[in-house]
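K.L.:
Sharing a sequence plus its predicted fold:
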Amino acid sequence: DAGRYADALAGHFGDALRGLEYNFKNEPASSRVELQSPDVYIKTLADQADAEGGYYTAILSATDKFWELALMKFIVEETLASFSSNVRELQERGLFDSDADRTRARHEEIQRLLREARASKDLIPALGAKLKEYGMFETYQDDFFRLVNL
């Protein structure tokens, strides 16, 4: 059943699921007998998680036969729900930028730092450190030494 469900999900969502490489297996760490109905017990667990600040806690309810499907469905829904915000965060961190984009951004940053260092000599050490960090000292060494010798 889980295999057929996985195939159905892949057919429905296509490439959106390509990055999901989850593996899981049912290995209970412990078990106990509860004398409450499943609905009452789930409510008790949810209240306990809320009281403990369990924002990242999920409670899944399924029979033994369908636990894999419940888990798979949960993973897919959570992943798809957070996809756009995760992509936005990765873009903000520059992880989708090409090498050319990063190089251009670094040159722009160095140009800005040069302008700022011309206005305030206290910024020259920070400029030198950034040139070394980016491996661009040789490219800008004439500009840097002009600032130092002013």
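P.N.:
Done, it's in. Computed from a prediction, not measured in an experiment: that's the story for all the values here. Numbering: from 1, shown residues only.
K.L.:
Neighbours of Ala129, how many?
P.N.:
11 (other C-beta atoms under 10 Å). The way it works is simple: take the backbone N, C-alpha and C, and place the C-beta from them, glycine included.
K.L.:
Please identify the helix or strand for it.
P.N.:
helix 124-134 (DSSP states H and E).
K.L.:
And that helix, what's buried?
P.N.:
For helix 124-134, a neighbour-count test (16 or more other C-beta atoms under 10 Å) marks Ile124, Leu127, Gly128, Lys130, Leu131, Tyr134 as buried.
K.L.:
how about the residues you listed in JSON lines, adding distance to Pro28 and pLDDT?
P.N.:
Formatted as JSON lines, the buried residues of helix 124-134 follow (distance: C-beta to C-beta, whole Å; pLDDT from 0 to 100):
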{"residue": "Ile124", "distance to Pro28": "63", "pLDDT": "93"}
{"residue": "Leu127", "distance to Pro28": "59", "pLDDT": "94"}
{"residue": "Gly128", "distance to Pro28": "59", "pLDDT": "93"}
{"residue": "Lys130", "distance to Pro28": "53", "pLDDT": "95"}
{"residue": "Leu131", "distance to Pro28": "57", "pLDDT": "95"}
{"residue": "Tyr134", "distance to Pro28": "52", "pLDDT": "93"}
